[in-house]
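Engineer: structural data only, the sequence is not supplied:
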């Protein structure tokens, strides 16, 4: 019985090491020649910080930049989105004067949505997956981040 406990502990230790290595790899991933607006996923730049701290309503361009940042920080893109592929498509006015719906496209390294624990077996499939995202902004917050018209990255659930 003692031997099996040691074996279980060894397997657990290996899994933890692989998890740490994967986290370090994906958190520092930034392909050479990245031309997208996101240089590092989830990193708050001084420009984004200024937008978030602004007292008045955001301009269209500020809203678009903040939407791009919020998308890059959302689970689906943050987990395995490829920064150099994040592309702005367009925007339409939302339901209020400070509301915008900003559309983006990007590629990810695996299929699926949300954080890795939500993906099941899709997380281990290794092929590039194309996504379209609509970030529904109301002033300085994303009310919804809709991926492929089926998943909301804010509520982390499928859209019914």
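Structural biologist: Looks like it arrived, so ask away. These numbers were taken from a predicted model, which means no experiment stands behind them.

Engineer: can we go C-alpha only for contacts and neighbour counts from here?
Structural biologist: Will do.

Engineer: tell me how many other residues surround residue 71.
Structural biologist: 28 (other CA atoms under 10 Å).

Engineer: my bad, should have said residue 147
Structural biologist: A total of 25 residues lie near residue 147 under the criterion other CA under 10 Å.

Engineer: cool, and residue 56?
Structural biologist: 8.

Engineer: could you grab the helix/strand/coil label for it?
Structural biologist: Here residue 56 is coil, with the state taken from DSSP: H, G, I helix; E, B strand; the rest coil.

Engineer: residue 41 and residue 92, how far apart?
Structural biologist: Distance of residue 41 to residue 92, given as CA to CA, to the nearest Å: 25 Å.

Engineer: more neighbours: the two, which one.
Structural biologist: Regarding residue 41 and residue 92, a neighbour count based on other CA under 10 Å identifies residue 41 as having more, with 24 against 11.

Engineer: shouldn't the more buried one be in contact with residue 72?
Structural biologist: Yes - when contacts are counted by CA atoms under 8 Å, residue 41 is listed as touching residue 72 (5.5 Å).

Engineer: strands of the chain, start to end?
Structural biologist: Using DSSP state E, the strands of the chain run over 87-93, 99-108, 129-138, 141-147, 151-152, 157-158.

Engineer: sketch out the low-pLDDT regions of this structure for me.
Structural biologist: 1-40, 42, 117-125 (pLDDT under 70).

Engineer: closest to residue 60 out of the strands of the chain?
Structural biologist: Ranking the strands of the chain by proximity to residue 60 (CA to CA) places strand 99-108 first, at 7.8 Å.
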